[in-house]
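Chemist: Fold the following and give me the result.
(chains A, B and C)
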Amino acid sequence: MIQHLVDGILVGSFLSLGAIGLTMAMHILRFANFSHAELLSIGAYCALVFDKLFESLLPILAAKIGPLSMTGALAISIVLSMAITGLSAVLIDRFIFQRVRQKGEELSMVFASFGMALIIRNIIGLVFGLSAELYSKDIAFAMILSRDPLLLVKPDQVFVLIAALILMFALHLVLSRTTFGFSLRAVAENPSLAQVHGVNLKRMIAAVWIIGGGLGAVAGIFYGLSYQITPVMGRDLVLPIFAATIVGGIGSVYGAVLGGFIVGIASNLALVILPSGYSPSVPFLMILAVLLVRPNGLFGEARA
Amino acid sequence: MIGVISYLVFFSTIAAILAIAVLGLNLQWGNTGLFNGGVVASFGAGAYGTLILGGTPQDGHWGGFELYYPLALLGGMIFAGVLAWVVGKLTLRLRHDYLAIATFGVAVAFENVMRNATTVTGGAQGIRGFERPLQSLIGSGFTYNLMFLIAVLTCLALVYVFLERLTVSPFGRLLRAIREDETAARSLGKSPDKVRLAAFVTGSVIIGLAGSLYGTFYAFVSPQDVLPILTFQIWAMLIVGGAGNNKGAMAGAFLIWGSWTFSGWALSRFAPVEVQLYTGSIQFVLIGMVIVGMLLWRPQGLFPERLVVSQPGGGSRGKTQAEGLT
Amino acid sequence: MPDAVLSVENVTAGYVPDLPILRDVSVTAEREKLTVIIGPNGAGKSTLIKAVVGLLSVSRGGITANSQDITGLSPDRMTSAGIAYVPQTDNVFRTLTIRQNLDLALQKHAHASERLSELYKRFPVLADKQRDKAGSLSGGQRQFLAVAMALAADPVLILMDEPSAGLSPKAAEEVLDHAKQLTSFGVTILLVEQNVKQALKRADHCYVLAEGRNQIDGPATDLLQDPALGRIYLGGERRVSA
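Modeler: Numbers count the residues shown, from 1 in each chain, chains lettered A, B, ... in the order given. Down below sits the predicted model:
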């Protein structure tokens, strides 16, 4: 039971990171982006490529950091992958979503995002193959936190949780302390008023994609560190991430953080009562439950 | 020669079944502006519902009630309708992304449950032991398939006529009014939520009918038949045909299903063996490109039909759309 | 030629290209004067202001502000052109605090902190509540915050869309008085009003729009007596004299 709770918190850390970008883009661009989870895949594979590259170019970077299975090469790769994934998100918006947006209605955007998800996911599969990849082939040994009840945690998982929390705190500081953060929130609330006060809408939209892509990349890499990297990880993560945004309330960054942890914990706790085969259905059940009890989520506002 | 004709009959049967589903989706998206990310859930509900109700009892799992076929067919459609009603009831009054996410979720959960609830659905093995109606009379050969195709085409025609009538009926006008200007419709004392729910459920029942026919044709259904790709294929059919256009939707169904089958055949025939493993991925990329490409360059579809402007003089929106089509 | 800060010349504009709401409208706002645009509902008053700040596209005609052609300039360039706009509703960011609202409006100001204390001095109520969410303000206070945000970037011209709408009579008068006061600090004001009598009392010049076209214009004091005004309002005579 406690093991499930701990695992849930760890899963929550990367779900939250994924959900933050999704909720921001959904709020500002007013569409449910079903290709958001593919940014996690792009990030994970990007880091994989750089990781292998650095390890072969500079073998010194292949050494592990402390008890982690993480290496110096991977640490640098994370930063590069964040940048590249953020940039890909901006480019996908520029060349696809922005054009569809100008032509059609909100619904076309949702369809286009599904189309993009299919394309990205399967191109990754074609390039990297359909089998799973790992950052490190070594088996990471779990630390025993307590014997009764038995509680196991891998050092990597602790790192993932702490790093995720640090990133979220950094984002919180940006949103609550800087005029750039105010501008982002202003655009989300009222784009035309924000523009009238000198906020450049296009730049803010690009910023949202960079943040969403960057955090998504980290989420994907952390998912890869905790499990494995596969071309279909986006397909498996898209519903839990959406569930996190709905639990938190669409548009609320803090809601997304909390929602991610709630969905992570609930999915793991559900395994106590449900056979594990049913775990893909849990996010959907949570969505239904939230819609029944509190349709606008924990922090969301009603908006037509 | 017989082989070609027999293949054409088989191909047309599947394409016509999918065309029925596309028509159902068109009522939701084209006429009402509702997103359905879980077409496959309605389709699967129809297939599973019919096979569970109409099949013969099987060892190891529940179901197989051997119901009279029309009742089993109807049961499958009702199952699809109830599922849609639950999702619609919860999401239609909220902003549109909720419907998108919830319908997508229902499809994921549906496939998941069908795979795991072995005692009801046969799990990954699926449901067998269904006897196709009248098979004992006609036999299972070419004649049966031909008769089945005729039956499916009749269903398609009936659904088409029903939807065409519906669009010009007061209900159809209401759908358009709500789509064009929800506030105005509300102020006229119409409840947009109820009307939309009715359209959503009706569309899902039609998709359920397609699923029922599909299950009946193969006398078998498994989780492999309710994978998300089916949703994307059906969308591509509607996008290619042009949302809002019933004739285009049917043409889109035949065109996309034709391209899908052909590309699969061509890849397995001509591609090197190491590429063949990736046939699915290549086809999925192609479907994705059809969806995105159409939305980018030809959002009105390949078979444009002049839109009926709702009122004389028309809303500005209807007018600009019609102009874009010529 | 009087010193015009804003001149709108023969502008045709609307939300959809083929459906102009404004037809051939011309309006001038003179330096450090309060100019009012009145007219019945649907006359195109708000449309005019939105067309000036670039929130909707102008299909014909031209707009000059500060001897700079601003026709078709994107809304986020308006502050640098010295133009500020106070919308009728949703004119503050409710989810941000008052301080954050002001910081946002001040973000391109060279001396933001000095400007902030000036604004706080002028609107003490905002200073008191600076940590509160703007959504918690009363209608009148919210209007003051919106005006303060508009003033933040030291604009030459402020466009206001029905600043007194939805306010109590007292708060409405306060807000309009404040608008009038601003002209003595060197700001030019163009405002759209439904509250005809109160607005005309304070205005220097007035335009009447109806059905998207110019009807009459003249010094506000003259118009207050003009019987034509009542006719345009269709029985609004009572309203004017009320």
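Chemist: Select the longest helix from chain A.
Modeler: What stands out as the longest helix in chain A, according to DSSP state H, is helix A:2-29.
Chemist: How about whichever residue of chain C sits closest to chain B: which residues does it bridge to?
Modeler: Nearest residue of chain C to chain B, counting by Cβ to the nearest Cβ: C:Val16, 4.8 Å away. No exception for glycine: its C-beta is placed from N, CA and C like everyone else's. For C:Val16, the beta-bridge partners are C:Leu19 (DSSP bridges).
Chemist: Is there any residue in the longest helix of chain A that contacts chain C?
Modeler: No: applying Cβ under 8 Å from any Cβ of the partner chain, one finds helix A:2-29 out of contact with chain C, separated by at least 11.0 Å.
Chemist: Please see if that helix touches chain B.
Modeler: Yes: Helix A:2-29 reaches chain B (Cβ under 8 Å from any Cβ) through A:Met26.
Chemist: rewinding a little: from chain A, how far off is the residue of chain C closest to chain B?
Modeler: Distance, C:Val16 to chain A, by Cβ to the nearest Cβ, to the nearest Å: 15 Å.
Chemist: neighbours around that residue, how many?
Modeler: Neighbourhood size, C:Val16 [other Cβ atoms under 10 Å in any protein chain shown]: 13.
Chemist: if we can go back for a sec, which strands and helices lie in contact with the longest helix of chain A?
Modeler: Helix A:2-29 is packed against helix A:36-57, strand A:150-153, helix A:155-177, helix A:179-189, helix A:201-226, helix A:233-248, helix A:253-273, with contacts defined by 3 or more Cβ pairs under 8 Å, 6 or more residues apart in numbering or on different chains; DSSP states H and E.
Chemist: for chain C, what are the nearby residues on chain A?
Modeler: Residues of chain A lying close to chain C (Cβ under 8 Å from any Cβ) are A:179, A:182-183, A:185-186, A:189-190, A:192-201.
Chemist: ok, the residue of the stretch 1-150 of chain A at minimum distance from chain C - contacts?
Modeler: Going by Cβ to the nearest Cβ, chain C is nearest to A:His27 of the stretch 1-150 of chain A, at 11.0 Å. Shown in contact with A:His27 (Cβ atoms under 8 Å, 6 or more residues apart in numbering or on different chains): A:188, A:250-251.
Chemist: Let's see the pLDDT reported for B:Gly324.
Modeler: Looking at B:Gly324, its pLDDT reads 26.
Chemist: Where does the prediction get shaky in chain A?
Modeler: A:139-140, A:301-304 (pLDDT under 70).
Chemist: Would you quantify the distance from the residue lying farthest from the centre of it to A:Gln157?
Modeler: The centre of chain A is farthest from one residue, A:Asp148, which by Cα atoms, centre = their mean lies 33.4 Å away. From A:Asp148 over to A:Gln157 the distance is 21 Å, taken as Cβ to Cβ, to the nearest Å.
Chemist: cool, A:Ile210 as well?
Modeler: Counting by Cβ to Cβ - A:Ile210 and A:Gln157 are separated by 27 Å.
Chemist: Where do the helices of chain C begin and end?
Modeler: Using DSSP H, helices in chain C cover C:45-52, C:98-105, C:112-122, C:124-128, C:139-152, C:169-183, C:196-202, C:220-225, C:227-232, C:237-241.
Chemist: OK, now which residue of the stretch 1-150 of chain B is nearest to chain C?
Modeler: Closest point on the stretch 1-150 of chain B to chain C, by Cβ to the nearest Cβ, is B:Arg95, at 17.2 Å.
Chemist: Can you report phi and psi for that residue?
Modeler: phi -60, psi 160 (degrees, to the nearest 10).
Chemist: ok so, going back, looking at A:Ile210 and A:Gln157, which one has more neighbours?
Modeler: Taking other Cβ under 10 Å, A:Ile210 and A:Gln157 do not tie; A:Gln157 has more neighbours (23 against 18).
Chemist: which non-adjacent residue is nearest the more buried one?
Modeler: Closest residue in space to A:Gln157, ignoring its immediate chain neighbours: A:Leu10 at 4.6 Å, by Cβ to Cβ, 6 or more residues apart in numbering or on different chains.
Chemist: same deal with A:Val160?
Modeler: With Cβ to Cβ, 6+ apart, the residue lying closest to A:Val160 is A:Phe222, at 4.4 Å.
Chemist: Chain neighbours aside, what residue packs nearest to B:Gly288?
Modeler: A:Leu118 (3.3 Å).
Chemist: Give me the distance between that neighbour and B:Ala184.
Modeler: From A:Leu118 across to B:Ala184, the span is 37 Å (Cβ to Cβ).
Chemist: So between those two, which is more surrounded?
Modeler: A:Leu118 (29 against 12).
Chemist: residues contacting the residue nearest to B:Gly288?
Modeler: Taking Cβ under 8 Å, 6+ apart, one finds B:232, B:284-285, B:287-288, B:291 in contact with A:Leu118.
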